[in-house]
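[1] My questions concern the predicted model and sequence given below.
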Amino acid sequence: MDKELFNKLASKMGITSVKVLSQAEEYMRLSQVKCTSLGGATATSKAIICLELAATSMKFPLDKEFAIKLSGLNKKVYQSSLKSMECMLGLQCSVGIRELAVQYGCMDAVKVASQILERYEASLPAAQQQDLDLSKPLFTTAALFTACKCMKIRADRKLAASSGAKKGIFDRLCSQLQKFGQEICSAAPSVKAPLKTQKKRQKTLTETLQEREEDDGLPTSPKQQREQQQLRDDDAEEEAKQNYEEWKRKILENALRAKADDS
């Protein structure tokens, strides 16, 4: 992007400080080298992001909502691109796994990613553990990316790029972390086993109750209920008929007895 257009964008955003503009230009220059893998962002949106990053670092007041509108991106894509460029340019040295997961929509992998980093740290010599900062984007991003891969969660393609590291370095670290992720994920089913057993036991109990209902002659379906009701109606009708015949017989017997007494 030429300097004249860059200055026009800065003017629209209300950036008048020469220091902020100079810092933004430096970020723009670095982004052309370090942020080549950043997808979804245009040259204009990258320039605006660089201007916002420079303004934020120098505490220069800025209308961020207008910056998003000026970039031509929707808010979600803009924020994602901004965070990615922060990491790639080394401006944000501590990015939590949870924050990354929220940004890239893979919250289910947070717990496994944290466990991967813990096991990775424990596997290192004590001297190396002291010199290593696992909160850096390279490690948090690689752990989350590896967790998603092991859990078969589809991760945003920009997640790997947000580490700010070269692809070769990132891939090598992911290969080291993968064995820990596979160990954690392979152990996960044993944790869920009691829940599955409980569900199976509950199903068996339900089936047992249904069998008892059937053994007791209780209908378990609308069709069976109708058939049972029909049988009851038929029995009642037969009983009423028998009662009538018995009543009729007694009336005739009484009548004949009375006639015999009169004669």
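    The structure has been received and is ready for your questions.

[2] Using PDB, write out every CA atom in the strand or helix carrying E99.
    Element membership for E99, per DSSP states H and E: helix 97-104. Below are the C-alpha coordinates for helix 97-104, written out as PDB (Å, rounded to 0.1, in the frame of the first residue of the first chain):
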ATOM      1  CA  ILE A  97      -5.500 -20.900  25.800                       C
ATOM      2  CA  ARG A  98      -9.000 -20.000  26.800                       C
ATOM      3  CA  GLU A  99      -8.800 -16.600  25.000                       C
ATOM      4  CA  LEU A 100      -7.500 -18.400  21.900                       C
ATOM      5  CA  ALA A 101     -10.300 -21.000  22.100                       C
ATOM      6  CA  VAL A 102     -13.000 -18.300  22.400                       C
ATOM      7  CA  GLN A 103     -11.400 -16.400  19.500                       C
ATOM      8  CA  TYR A 104     -11.300 -19.500  17.200                       C
END
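
[3] elements contacting the helix or strand just after it?
    With elements assigned by DSSP H and E, the helix or strand that comes after helix 97-104 is helix 110-123. Contacts defined by 3 or more C-beta pairs under 8 Å, 6 or more residues apart in numbering; DSSP states H and E place helix 110-123 against helix 97-104, helix 137-150, helix 167-215. (Each C-beta comes from the backbone N, C-alpha and C, glycine too.)

[4] For the shortest one, name the packing helices and strands.
    Looking back up the chat, that one is helix 97-104. Here helix 97-104 touches helix 75-88, helix 110-123, helix 137-150, helix 158-161, going by 3+ C-beta pairs under 8 Å, 6+ apart.

[5] Single out the most deeply packed of the ones you listed.
    helix 137-150 (a mean of 25; mean count of other C-beta atoms under 10 Å).

[6] Just the C-alpha atoms of that helix, please, in PDB.
    C-alpha atoms of helix 137-150 as PDB (Å, rounded to 0.1, in the frame of the first residue of the first chain):
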ATOM      1  CA  PRO A 137       1.600 -17.700  21.600                       C
ATOM      2  CA  LEU A 138       3.800 -20.400  20.000                       C
ATOM      3  CA  PHE A 139       3.100 -22.900  22.800                       C
ATOM      4  CA  THR A 140      -0.500 -22.000  23.600                       C
ATOM      5  CA  THR A 141      -1.500 -22.000  20.000                       C
ATOM      6  CA  ALA A 142       0.300 -25.300  19.200                       C
ATOM      7  CA  ALA A 143      -1.200 -27.000  22.300                       C
ATOM      8  CA  LEU A 144      -4.700 -25.900  21.300                       C
ATOM      9  CA  PHE A 145      -4.200 -26.800  17.600                       C
ATOM     10  CA  THR A 146      -2.900 -30.300  18.700                       C
ATOM     11  CA  ALA A 147      -5.800 -30.800  21.100                       C
ATOM     12  CA  CYS A 148      -8.300 -30.000  18.300                       C
ATOM     13  CA  LYS A 149      -6.500 -32.500  16.000                       C
ATOM     14  CA  CYS A 150      -6.500 -35.300  18.600                       C
END
